[in-house]
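Engineer: The following block contains a protein sequence and its predicted model.
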Amino acid sequence: MDLLVLLIPTFPLVAVLLNGLLGSRYSHDLAHRLAWGSVGLSFLCSIGVFTETIRTGVAREVVAYQWIFGGDLTVNLAFLIDPLTCIMLLVVTGVGFLIHLYSVGYMHGEEGFTRFFTYMNLFMVSMLLLVMGNNYLVLFIGWEGVGLCSYLLIGYYFDKVSAAKAATKAFVVNRIGDAGFLLAIFLVFVNFKTLDYTQVFAQASQLSTGMATAIALCLLVGAVGKSAQIPLYTWLPDAMEGPTPVSALIHAATMVTAGVYMIVRNHVIYDMAPVALSTVAWVGGLTALFAATIGLVQTDIKRVLAYSTVSQLGYMFLACGIGAYTAAVFHLMTHAFFKALLFLSAGSVIHALSGEQNIMKMGGLKAKIPWTHALFLVGTLAIAGIFPLAGFWSKDEIMAHAFVHGQYALYAMAAIGAFLTAFYMFRLTYLTFYGTSRLDPHTAEHVHESPPIMIWPLAVLAVLSVLGGFLGVPPEAGWFHHFLHPVVTAVGAGEEHGGGVGLVMTLMVVATAIALLGWGLAHYLYSIRTEAADNVAAKAPGVYTTLLNKYYVDECYDALIVEPVKRLGLVWDWFDRTVIDGVVVGVGRMTQSGSALSTRIEKYVIYGALNVVGYANHLAARSWRRLQTGQVHQYAAIIVAGLFILVHLILAWWTGTSGTGMAR
Amino acid sequence: MIPLSAYVAVSAVLFATGLIGVLIRRNFIIVLMSVEIMLNAANINLVAFSHYLESMAGQIVALFVIAIAAGEAAVGLAIIIVVFRGRLSTNVDELNLLKW
Amino acid sequence: MVLFFFVYFSLVSIVAGVLTIAFRNPVHCGLALLTLLLHVAGLFVLLNAEFLFAVQIIVYAGAILVLYLFVLMLLNLKTDQRYLHTRHAIILFATAGICGELLLLLLQSPFNGAKGDAPVIAVLKDGDSFVVGIKMFSDYLLPFEIVGVFLLGAIIGAIVLAKTPTAVDVETERE
């Protein structure tokens, strides 16, 4: 059992080492088999660990080895296996496995095929460390590791300027979050003298509210960076420059949910800091709404999905913020299924169209790529929250929780967000698969359905998107909730029950109605009266362009932060050139004039004296300089001669003064 | 029981041998080998004293000497290779760049 | 018995040492050095230093000497040069004479000193490796680490020195 746990991250690590170091020596076939095979084995091990956890029902810690021990700090490379970790393990390895399989088809024939799989496996290793670690430091290693892999994979097409820039942007923006996270780790260590979760959470109740709030807010900064929430979300849409499987795995299903995972993991601290908790909720709610509005008008298929990801992550944060941790993890899981499905089907569309990503140049693809269409439709239905698909259950639970606990403002935001989600997702579907074809004639000739190795993983994900929600049925009391119960229950908090059955049912109906409304509007605008959409846009040009330009947030950041920093640099440059250099030059001048005087003295008085001494030396040295022959042997011989003399003296002195005979 | 001075004597003879080797041989590699002999002589001394004075320090220093001999051999031989590449010779007499 | 082994090991070491510096062919010198190293290792055993014995054989005979032989083969030196000039003979005799005198002095010297904390019986009980290990990783931990860094530096230095000059290097050198 312990071995099983250790094996989970080991398999991908071995694959990384093999593919990374030797990958160029063998064929691509072997490389991708190693890659997906290792992840598959990890998945099997995860299932083993999962069943074991169900059976015993207790959290366990597995110490791989003692890593750092010095002074107050003792850190083990150790893994904590509890229900939350199990869920994350299954999601990461399961979805990861499917996406690896898909990549084999999608990346076929790309340059750097082996490199791609090496990075993907490295990502798996880091992500597994992130979710399995039993202390903050292991979490942090995983955290940085996934950030690094994200950078590497966004910049996979590094010869493309936009990709390289997007990679840098993602890395830099994530750094801001990481700084907050590091501060949080320092604060935890200062307060608890340990970094182990179990010990920290056991002592958490001794924390003052202020300190708990500080830690929680610092953690939130980290989570906001990694999970692309306001105000640090700008990197995620740009991250779509990476290959589509990367967008699916890293920027939808797993890495970006790390922030949510971290907040749930640290819910003990958050529960003690109501201010931080409501901050989380509002950040999440605002992001959910904000990103959804941007998603309404984007024309790049992957960018729409990216904004939808940001929006859905907002829901998870909202759930955390109102204390519905189970619902957050539940939505995390279902979102991983249907968003991976959507991204991969989008990848299939792009693949079919030989790289076209603009939905304005698609349309009418339903007949040409029926399988992709069907699968994409399933994903759309799931994310839109149509009963009874996975997205419905998880999203409804978050909204219901908000309503029942009296957070009506947050509920309203979530509801509007849900409406917008349904609308833009169906807009995407209609523009891509229905209506008249707007394809380039050249592209249209080559449209083809993707190979089976790309379709089958999609099919599995589609099944999960349909059925995954039933793990959490009935709401607040499903199997999922019982399983996660030991992890997410606040220490000392009583059991909280949702509203009555009637209220819950009403909310479900409302949620479905909202989703259907969004669908209906999209149907009306993009299927029945296709010219109406342009009319709407034309009637409110200001709003439309604002949305199209993503509220000018990137421009704002440029103007408010990037440019000032650059200008500050220029100011310092000027300061350096004029003020500091001026002082230096002034001092130099003074010295110069002073030294002119002393030169006179030196030239005639001191040099005169020195020359006499030097000449005397020169005369004396003439006879001796022959000693420096450059012959190593002669030098050595002279050294040895000196050594002999020394030893001789010592021995003579020794035997002479204390000659008491030999020892023993 | 062998007296300590016997070991010291062996060590001294070996040291002198190495020293003579350093002084008379012209082949740089053999000079290095002679240095190894000297280091070994020193090691014998260290270990012998460690044994007779009942302290582990001598053995540990001897271990360090071995480690340093390894480093010396590596760097020394690397230098030999560089010099040989430039001059096609390992004769010490020809290495007189340090001359006045 | 011990006496016999001592005489054997020390005599062979001395002879091998002399041969090391006397042979003309460097490869023969290397082989003589190997003999020397193995017999010195034997002396270590007589002194209850089994760990050092093992290290001597593994590191010296196994690694360092192989390095020497490797370089010898690599450079393929043919040394049939004379190395015993008459003026060297004078140095040789002088050195030998002084050495002999020093040896005499040495043998008369007292070798007293404070006893350490590792009596022979204790070492024999726990085993030499155990005692060395305990000492090495407690009192001598810092020197141990320093030696590690030193070796790293030596490795890097050796690599940098012995690196085959690339075309670019040659180009820059010409400039």
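Structural biologist: Nice, I can see it.
Engineer: where's A:Ile68, which helix or strand?
Structural biologist: Secondary structure from DSSP states H and E places A:Ile68 in strand A:60-70.
Engineer: With A:Arg438 instead?
Structural biologist: Judged by DSSP H and E, A:Arg438 forms part of no helix or strand.
Engineer: Quick one, grab the pLDDT at A:Gln628.
Structural biologist: For A:Gln628, the model assigns a pLDDT of 66.
Engineer: A:Lys603 too?
Structural biologist: Confidence score, pLDDT, at A:Lys603: 74.
Engineer: swap in A:Thr657?
Structural biologist: 58.
Engineer: before we move on, what about A:Thr506?
Structural biologist: Confidence at A:Thr506, expressed as pLDDT, is 86.
Engineer: any idea how far it is from chain B?
Structural biologist: Look at A:Thr506 and chain B: by CB to the nearest CB, to the nearest Å, they are 79 Å apart. In this view, the C-beta of every residue, glycine as well, is placed from N, C-alpha and C.
Engineer: Repeat that for C:Gln56.
Structural biologist: In terms of CB to the nearest CB, C:Gln56 sits 7 Å off from chain B.
Engineer: does the closest residue to that residue other than its chain neighbours sit in a helix, a strand or a coil?
Structural biologist: Spatial nearest neighbour of C:Gln56, chain neighbours left out: C:Ala41 (4.2 Å); criterion: CB to CB, 6 or more residues apart in numbering or on different chains. With DSSP: H, G, I helix; E, B strand; the rest coil as the basis, the three-state label of C:Ala41 is helix.
Engineer: Wait, C:Ala41 touches C:Phe51, no?
Structural biologist: No. Using CB atoms under 8 Å, C:Ala41 is not in contact with C:Phe51, being 11.2 Å away.
Engineer: Same drill for those two, tell me which one is more crowded.
Structural biologist: Taking neighbours as other CB atoms under 10 Å in any protein chain shown, C:Ala41 and C:Phe51 compare with C:Ala41 leading, 24 against 21.
Engineer: can you pull the contacts of the closest residue to chain C within chain B?
Structural biologist: Per CB to the nearest CB, B:Ser55 is where chain B lies closest to chain C, at 2.3 Å. Contacts for B:Ser55 were tallied using CB atoms under 8 Å, 6 or more residues apart in numbering or on different chains; they are C:115-118.
Engineer: near chain B too, which of the residues you listed?
Structural biologist: Subset of these in contact with chain B: C:115-118, counting by CB under 8 Å from any CB of the partner chain.
Engineer: give the contact list for A:Ala336.
Structural biologist: For A:Ala336, the contact set (CB under 8 Å, 6+ apart) comprises A:91, A:95, A:252-254, A:257.
Engineer: what does A:Ser311 give?
Structural biologist: Residues near A:Ser311 by CB under 8 Å, 6+ apart: A:287-292, A:295, A:417, A:420-421.
Engineer: low-scoring stretches of chain C, by residue?
Structural biologist: In the predicted model of chain C, residues C:77-88, C:91, C:165-175 satisfy pLDDT under 70.
Engineer: mind listing the helices for it?
Structural biologist: Under the criterion DSSP state H, helices of chain C are mapped to C:2-22, C:26-46, C:50-55, C:65-75, C:86-108, C:120-126, C:128-136, C:141-162, C:167-174.
Engineer: Dump these to TSV, plus distance to A:Phe392.
Structural biologist: Formatted as TSV, the helices of chain C follow (distance: least, CB to CB, whole Å):
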stretch	distance to A:Phe392
helix C:2-22	87
helix C:26-46	78
helix C:50-55	71
helix C:65-75	72
helix C:86-108	95
helix C:120-126	71
helix C:128-136	65
helix C:141-162	60
helix C:167-174	65
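Engineer: of all the ones you listed, which lies closest to A:Tyr151?
Structural biologist: Minimum separation from A:Tyr151 across the helices of chain C (CB to CB) falls at helix C:141-162, 29.3 Å.
Engineer: Where does the prediction get shaky in chain B?
Structural biologist: Short version for chain B, where the test is pLDDT under 70: B:88-100.
Engineer: If we use 90, what do you get?
Structural biologist: For chain B, applying pLDDT under 90 flags the ranges B:1-6, B:8-9, B:12-13, B:15-32, B:50-58, B:74, B:76-100.
Engineer: Grab the longest helix from it for me.
Structural biologist: helix B:57-87.
Engineer: ok, and does it reach over to chain A?
Structural biologist: No. Applying CB under 8 Å from any CB, one finds helix B:57-87 separated from chain A by no less than 11.9 Å.
Engineer: same for that helix, what does it pack against?
Structural biologist: When contacts are defined as 3 or more CB pairs under 8 Å, 6 or more residues apart in numbering or on different chains; DSSP states H and E, helix B:57-87 sits against helix B:28-52, helix C:50-55, helix C:65-75, helix C:128-136, helix C:141-162.
Engineer: how about CSV for the contacts of B:Ser55, with neighbour count added?
Structural biologist: Putting those into CSV (neighbours: other CB atoms under 10 Å in any protein chain shown) gives the following:
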residue, neighbour count
C:Lys115, 11
C:Gly116, 15
C:Asp117, 11
C:Ala118, 23
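Engineer: Rebuild those residues as TSV, extending it with distance to A:Ala167.
Structural biologist: Below are these laid out as TSV (distance: CB to CB, whole Å):
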residue	distance to A:Ala167
C:Lys115	67
C:Gly116	61
C:Asp117	60
C:Ala118	60
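Engineer: Quick check: of those residues, which lies closest to A:Leu22?
Structural biologist: Of all the contacts of B:Ser55, A:Leu22 sits closest to C:Ala118, with 48.3 Å by CB to CB.
Engineer: Give me the phi and psi for the residue nearest to that closest one when sequence neighbours are not counted.
Structural biologist: Spatial nearest neighbour of C:Ala118, chain neighbours left out: B:Met56 (4.7 Å); criterion: CB to CB, 6+ apart. Dihedral angles of B:Met56 (phi, psi; degrees, to the nearest 10) stand at phi -80, psi -10.
Engineer: What helices and strands are in contact with the helix or strand where A:Tyr607 lies?
Structural biologist: Using DSSP H and E, A:Tyr607 falls within helix A:607-622. In terms of contacts (3+ CB pairs under 8 Å, 6+ apart), helix A:607-622 is packed against no helix or strand at all.
Engineer: Could you name the helices and strands sitting against the following helix or strand past that helix?
Structural biologist: Next along the chain after helix A:607-622, taking DSSP H and E as the criterion, comes helix A:632-657. Packing partners of helix A:632-657 (3+ CB pairs under 8 Å, 6+ apart): helix B:4-24, helix C:86-108.
Engineer: How about the first one and chain A, touching?
Structural biologist: Pointing back at helix B:4-24 there. Yes. Counting by CB under 8 Å from any CB, chain A has neighbours in helix B:4-24: B:4-5, B:19, B:22-23.
Engineer: Please consider this matter closed, and thank you.
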